[in-house]
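1. Sequence first, then the predicted structure:
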Amino acid sequence: MKKSAANKTARKPRADAQRNRQHILEVAKQVFTCRGAVASMDEIAKGARIGPGTLYRHFPTRDDLLAAVYISEVEKLAEAQKRFSANLPPIEALRAWMLVFIDYIAAKKIIAPALNAMAGGPSRVFQQTNRLMEEAAHALASPAVVSGDLRSDVDPMDMLRAIYGISSAGGADDWPAKARRFVDILIQGSKP
């Protein structure tokens, strides 16, 4: 007796398939970073040393690939939150994660022109990923409030918005260094 499609459970991709997908995403991120919205799927396939058919099998459209690159960056933030929460005291975990958030902003700024060129715009991708960032920020801030390292009225999303504001305030290339210094100012100002 055959199983229906509804009865089949989704298999987790093999480890080598996951590595290959991650490699494609890293190459795509580099190509989108260098070439922006004009980056071609063929250029990405060539850079990843795979055939175009393999690339299209994983990512049927350029927009699918671009969305996957962006989502992968946000997933790295979520993974970092879990790692820092497990291994660092609450306030140090929050600080470390906010520094990783700066790297995420830098990556987002670089691929923003390509994201903005997506059919229908990037809003569907942003909606999908904003929840992950909010959950990570709150998961880090809550223990810091409980431990007495942060005031209870601190909104971790306001902290992230402030850092994002520094990245947007000017075209200066040194904004990441300024944002890193600002993380400590935010944390210090958020203590009870």
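-> Sure, I can see it. Numbering: from 1, shown residues only.
2. Now do Lys82 against Ile102, distance only.
-> 19 Å (CB to CB, to the nearest Å). (C-beta placed from N, C-alpha, C; glycine too.)
3. what about the two, which has more around it?
-> Ile102 (21 against 14; other CB atoms under 10 Å).
4. can you tell me which residue is nearest the centre of the protein?
-> What sits nearest the mean C-alpha location of the chain, by CA atoms, centre = their mean, is Val74, with 2.0 Å.
5. Let me see the backbone angles for it.
-> For Val74, the backbone dihedrals (degrees, to the nearest 10) come out as phi -70, psi -40.
6. same deal with Asp149?
-> phi -80, psi -20.
7. got a list of what it touches?
-> Going by CB atoms under 8 Å, 6 or more residues apart in numbering, Asp149 touches 89-91, 94, 191.
8. Make a ChimeraX selection of the buried ones in those.
-> Here is the ChimeraX command that selects the buried residues among the contacts of Asp149 (16 or more other CB atoms under 10 Å):
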select :90,91,94
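9. now, which of the contacts of Asp149 sits nearest Leu140?
-> Proximity of the contacts of Asp149 to Leu140 (CB to CB) peaks at Leu94, which lies at 4.4 Å.
10. pretty sure that closest one contacts Ala141?
-> Yes: the criterion here is CB atoms under 8 Å, and Leu94 meets it with Ala141 at 6.2 Å.
11. joint contacts of those two?
-> Counting by CB under 8 Å, 6+ apart, the residues touching both Leu94 and Ala141 are 150, 156.
12. Alright, that wraps it up for me.
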